[in-house]
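coords please:
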Amino acid sequence: MARITKNQKKNIKKYNFKISYELEEAIKIIKDITYTKFNSSIDIAIKLGINTKKTDQVVKNNIVLPHGVGKKKKILTLCTKEKEDEAKDAGSDYVGLTEYIEKIKNGWLDFDVIIAMPSVMLELEKLGKILGPKGLMPNSKNGNITTKLEDSIKKIQKGKIFFKTDKYGIIHSSVGRISFSDKEIKKNIIELINLIIKIRPASLKGIYLKNITLSSTMSKSITIDKKNIIV
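This next block holds a predicted model:
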């Protein structure tokens, strides 16, 4: 059994983790119960009432959060020779094609996002068993299969995130850092939830948003009251 720290004991006395809080209060609580020395991530978990066995109920999309997530993502751009300078000038961390495909085959995965041109996807699809399970395979719906490399790279740098329900019907996403203001965190959360509501599967019956929790790195989760969160 995990040992409860002094700070955790204080938190248990200060807050009721079995009830739900309004969004503004939940953000304040998360900040109050976070004791890490580093700039912790603020994370949200949204449980949806979908049937995960139905492919038409998988919820996935991408969004540029108004205030980003406070973390620079390493971008790998796979493109043709004539597009390499555009990708480098836009700020991609790694740019090329064959050499990086070979590196990935040999286990190299020191990047967060791949942006690829449509013309190179045939080669990249050979790495499906490596990239697919890690959620790194480019997808046209996410905007990272494109000829507009500069636009895609800059959106990711501004805080573009990709999300998808897991096998339990839950969307996990970062929505900022503990150093963000309460207003910035709230704005990011509302933008994300409103998009998720907008893309509700047409075949879904019943409750869509079942449960929403907020946490930071190594903190307990706070349940958010859904009633007043949709705007």
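
And the strands in this structure?
Listed in chain order, the strands of the chain (DSSP state E) span 20-21, 41-48, 60-64, 75-78, 94-96, 113-116, 160-164, 170-177, 209-216, 222-224.

Report the beta-bridge partner residues of the residue nearest the centre of the chain.
For the chain, Ser173 is the residue whose C-alpha lies nearest the centre (CA atoms, centre = their mean; 3.7 Å). Beta-bridge pairing for Ser173 (DSSP bridges): Ile44.

quick thing: my sequence starts at 30, can you match it?
Sure, I'll start numbering at 30, so the last one becomes Ser202.

which residues touch it?
72-73, 75, 190, 192, 221 (CB atoms under 8 Å, 6 or more residues apart in numbering). Bear in mind the C-beta positions are built from the backbone N, C-alpha and C, glycine included.

and stretch 168-176, average pLDDT?
Stretch 168-176 comes out with an average pLDDT of 86.

Name the residues of it that are buried.
171-175 (16 or more other CB atoms under 10 Å).

any idea which of those is the one closest to Ser245?
Proximity of those to Ser245 (CB to CB) peaks at Asn171, which lies at 26.1 Å.

which residues touch the helix ranked longest in the chain?
Ranked by number of residues, the top helix in the chain under DSSP state H is helix 211-227. With CB under 8 Å, 6+ apart as the test, helix 211-227 has contacts from 52-53, 56-57, 60, 71, 73, 75, 77, 88, 90, 92, 94-96, 98, 192, 200, 202, 204-205, 209, 237-238, 241, 243, 258-260.

Just the buried ones out of the residues you listed, please.
The buried subset of the contacts of helix 211-227 - by 16+ other CB under 10 Å - is 52, 56, 60, 71, 73, 75, 77, 88, 90, 92, 94, 96, 98, 192, 200, 202, 204-205, 209, 238, 241, 243, 258.

Columns pLDDT and distance to Glu111 on top of the contacts of Ser202, output as CSV?
Putting those into CSV (pLDDT from 0 to 100; distance: CB to CB, whole Å) gives the following:
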residue, pLDDT, distance to Glu111
Asp72, 96, 40
Ile73, 97, 41
Ile75, 97, 41
Ile190, 88, 30
Phe192, 91, 33
Leu221, 96, 36
